[in-house]
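[1] give me a 3D structure for the following:
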Amino acid sequence: MFMTSYSLAQRFQVAENIKSLKMLNNIIFYMGFMNVIVVFSVLFSSFDLDSTMELIITICLDISIFIYSFCYPVIMYHSCERWKTEIIAFFTRIGLLKPSSVLKVHPILNTFGKSMEQANTMRNHFDNLQLSWEAVPRKSIISLISQ
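    Numbers count the residues shown, from 1 in each chain. Next up, the predicted model:
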């Protein structure tokens with residue numbers, strides 16, 4: 001049986017990549033949807049239409065551009081924890097939010113966002129450590145001396 005082991009840095013990088021991809025997934029769907037709306041609005045505005053249809057298409061284009069520019073920061077706020085904490089700190093600094101006297105306790109989550117059991121974490125660590133020690137073939141002192 002072939003076992004591969006990854007270093008802590010490699011596991012951390014994979015976890016960060018998964019978080020980034022989850023954030024980018026929301027942004028890509030939003031931007032793709034909004035790009036289609038804007039492109040169709042611009043496309044239909046280039047046709048020779050009567051003034052009422054042209055006005056409706058222009059209003060649709062203006063509204064879609066406004067929504068496009070307004071919703072992007074909102075999606076970033078909800079998708080990225082770092083943005084959320086920095087925006088809350090900024091609004092607290094300028095006085096729009098009151099500092100919270102209650103500390104929020106965040107549960108420990110794994111890479112996929114599911115809650116990890118804290119009671120078994122230490123036990124699992126030592127179990128895995130013991131398994132890794134047993135997986136390494138040990139050499140006897142006699143075999144080391146005879147070499």
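
[2] hey, let's count contacts and neighbours off CA atoms from now on
    Noted.

[3] so how far is the top helix by length along the chain from its chain's centroid?
    Of all segments of type helix in the chain, defined using DSSP state H, the longest is helix 8-45. Chain-centre distance of helix 8-45: 11 Å, with Cα atoms, centre = their mean, to the nearest Å.

[4] how about the helices in the chain?
    Taking DSSP H as the test, the helices found in the chain are 8-45, 51-79, 81-93, 121-135, 141-146.

[5] put together JSON lines for those helices, with distance to residue 109 on each row.
    Formatted as JSON lines, the helices of the chain follow (distance: least, Cα to Cα, whole Å):
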{"stretch": "helix 8-45", "distance to residue 109": "11"}
{"stretch": "helix 51-79", "distance to residue 109": "16"}
{"stretch": "helix 81-93", "distance to residue 109": "13"}
{"stretch": "helix 121-135", "distance to residue 109": "12"}
{"stretch": "helix 141-146", "distance to residue 109": "44"}
